[in-house]
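Chemist: Just the structure for this:
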Amino acid sequence: MAKQQGVVIIGGGIMGGDVAIIFAAGNWNVYVMSPSEKTRASLPGRIKTGLGKLGAPESAAANVKTFTTLEEIPWKDVDLVIEAATEDLALKKKLFSQLETLARPDIPLASNTSTFPIGEIGGHLKTRPRVFGLHYFMPAHLVPLVEIIQTDFSDPKIGDALEVQQKSLGKAPVRVNKDIPGFIGNRLQHAMMREALYLVADGVVSPEGIDTAVRYGFGFRFLACGPMTQKEMSGWDTNLYAGTSLYPSLHAEKEPPQFLKDMIAKNHIGMKTRRGIWEWTDEGIAKEKARIEKVLQQAFAILKADGK
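Modeler: Presented below is the predicted three-dimensional model:
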């Protein structure tokens, strides 16, 4: 009988907790380290709820154990480490230095950062060929994508093993061959977001119009096929002609528009402060989050059935 694998997840917040659900559902031993008593106490309930949404048995929640410090973890049983701590570069570098002394030298050390280059987080380690990025997207247990980021010093064979491992957990891994800011998904998202924000700032369309155009237009097609496949269908000649005409007029500003800066200055940052572009009530937030999660579960089921 194969040995049950073990993963350490550093941080049990929104992202760390969701990643724990993925591995628990895959029958891994999951060791979550968080110094926050509140986070540790809330985790069992979150794990059970998340497992239910994946159709995994509730009993898999027993695979998850929490720890206050790294030193408490049974390191001999650990096969992978994923750091999902606060986006603080100094903290992450310190954690990776600790991990090098605690984790077996043959296991990958990965960061879930969406902000910092992986090379800056683990480039100082003597065992840096095992350092990678494993970047999940919220909510991580429902969104299939995970980016596997390698640096100039990462061992590609370890990347190959991570790819196989993530597929076995039901994820859709993408190899990111260069350690560039934003990796792939965030660069694509922000390219679109820059254009969307400036279209609103220029008075071309309302925020509601942006959401409608994306959800019911080109975004609707993305569940079936990505942009490269879509252009294979419509023809790259059309893309060339359209791009030649359109690219010069696209926004290329180096900073977000002023109205967004003004919103942040007023603490209008969205649901967290009950005011962003729109005003939010507790009831409205709960209703919208439930709606989105339901749609994501349906999308997850469609992609799973599609098998591609």
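Chemist: isn't Thr273 right up against Met263?
Modeler: No: Thr273 is beyond contact range of Met263, at 10.1 Å (criterion: C-beta atoms under 8 Å). In short, each C-beta sits where N, CA and C put it, glycine included.
Chemist: any idea what sits nearest Val131, other than its immediate chain neighbours?
Modeler: Gly122 (3.4 Å; C-beta to C-beta, 6 or more residues apart in numbering).
Chemist: for the stretch 201-308 of the chain, which spans come out with low pLDDT?
Modeler: The stretch 201-308 of the chain contains residues with pLDDT under 70 at 308.
Chemist: Among Thr273 and Met263, which residue is more densely surrounded?
Modeler: Met263 (16 against 11; other C-beta atoms under 10 Å).
Chemist: In terms of helices and strands, where is the more buried one?
Modeler: Under the criterion of DSSP states H and E, Met263 resides in helix 258-265.
Chemist: How about Arg175?
Modeler: Judged by DSSP H and E, Arg175 forms part of strand 172-176.
Chemist: Ok, Glu100 next?
Modeler: Per DSSP H and E, Glu100 falls inside helix 89-102.
Chemist: my read: the residue nearest to Val131 touches Leu109, true?
Modeler: Yes: with contacts counted by C-beta under 8 Å, Gly122 reaches Leu109, the gap being 6.3 Å.
Chemist: Among these two, which residue is more densely surrounded?
Modeler: With neighbours defined as other C-beta under 10 Å, Gly122 and Leu109 compare such that Gly122 has more, 29 against 24.
Chemist: How about the contacts made by the more buried one?
Modeler: The contact partners of Gly122, taken as C-beta atoms under 8 Å, 6 or more residues apart in numbering, are Lys93, Phe96, Leu109, Ser111, Arg128, Val131, Thr151.
Chemist: Now intersect those residues with the helices, please.
Modeler: Of the positions in these, Lys93, Phe96 sit in helices, assigned by DSSP state H.
Chemist: Pick out whichever of the contacts of Gly122 sits closest to Thr238.
Modeler: Thr151 (37.3 Å; C-beta to C-beta).
Chemist: Ile82 in helix, strand or coil?
Modeler: strand (DSSP: H, G, I helix; E, B strand; the rest coil).
Chemist: mind checking how far it is from Phe96?
Modeler: 12 Å (C-beta to C-beta, to the nearest Å).
Chemist: counting contacts, what elements does the helix holding Glu100 pack onto?
Modeler: Using 3 or more C-beta pairs under 8 Å, 6 or more residues apart in numbering; DSSP states H and E as the contact test, the elements touching helix 89-102 are strand 80-83, strand 109-111, helix 118-122.
Chemist: Give the buried residues for the longest one.
Modeler: What it means is helix 118-122. Ile118, Gly119, Ile121, Gly122 (16 or more other C-beta atoms under 10 Å).
Chemist: got a list of what the third one touches?
Modeler: Going back to what we said before, that points to Ile121. Ile121 neighbours (C-beta under 8 Å, 6+ apart): Glu83, Leu89, Lys92, Lys93, Phe96, Ser111, Thr113, Val131.
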